[in-house]
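>>> Dropping the sequence and predicted coords here.
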Amino acid sequence: QIQLVESGGGLVQAGGSLRLSCAASGRTFNNDAMAWFRQAPGKEREFVAALSRSEYYADSVKGRFTISRDNAKNTVYLQMNSLKPEDTAVYYCAAQTGLVLLPRSPSSYGYWGQGTQVTVSS
């Protein structure tokens, strides 16, 4: 059974940093597409960052967030710096076997984690 488990969320002041982790089990995703999405209350789930053929970022996080992976640990990370209150959301890890044509689309991913809450106070 394939599982994605996120961790690292929490409460941080504006300007601070957090690193989210997403540990995969059940199969390795070393060369597959992996991504982070987020969903704030009352809003639709939105793309944050992805690793597929390249790295992809939403404009709102470019230059502040970095996605990376550790193949030995079968884990993908999201380093979030210079956090803003508008970054407050539940952050979800997503994965798909192989590479995806539309890395920014939630429908490209078949595997999802349960989410981890990130709250940025002003």
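Cool, got the structure. Residues are numbered from 1 along each chain as shown.
>>> which regions of this protein sit below the pLDDT cut-off?
Within the chain, no stretch falls below the threshold (pLDDT under 70).
>>> Quick one: the strands in it, in order.
For the chain, applying DSSP state E gives strands covering 3-7, 10-13, 18-25, 33-39, 46-51, 55-57, 65-70, 75-80, 89-96, 111-112, 116-121.
>>> Adding mean neighbour count and distance to residue 103, write these out as CSV.
Quick note: C-beta positions are derived from backbone N, CA and C, even for glycine. Formatted as CSV, the strands of the chain follow (neighbours: other Cβ atoms under 10 Å; distance: least, Cβ to Cβ, whole Å):
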stretch, mean neighbour count, distance to residue 103
strand 3-7, 17, 16
strand 10-13, 13, 27
strand 18-25, 19, 15
strand 33-39, 24, 6
strand 46-51, 22, 4
strand 55-57, 16, 5
strand 65-70, 17, 11
strand 75-80, 22, 13
strand 89-96, 22, 9
strand 111-112, 18, 14
strand 116-121, 17, 21
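>>> what's around the residue nearest to residue 15 when sequence neighbours are not counted, how many residues?
Closest residue to residue 15 apart from its sequence neighbours, by Cβ to Cβ, 6 or more residues apart in numbering: residue 82 at 6.2 Å. For residue 82, the neighbour count with other Cβ atoms under 10 Å is 13.
>>> follow-up on the earlier one: which one of the strands of the chain lies nearest to residue 105?
Nearest to residue 105 among the strands of the chain is strand 46-51; the distance by Cβ to Cβ comes to 7.4 Å.
>>> ok so, going back, pretty sure the residue nearest to residue 15 contacts residue 62?
No: here residue 82 does not reach residue 62: they are 11.5 Å apart, not a contact under Cβ atoms under 8 Å.
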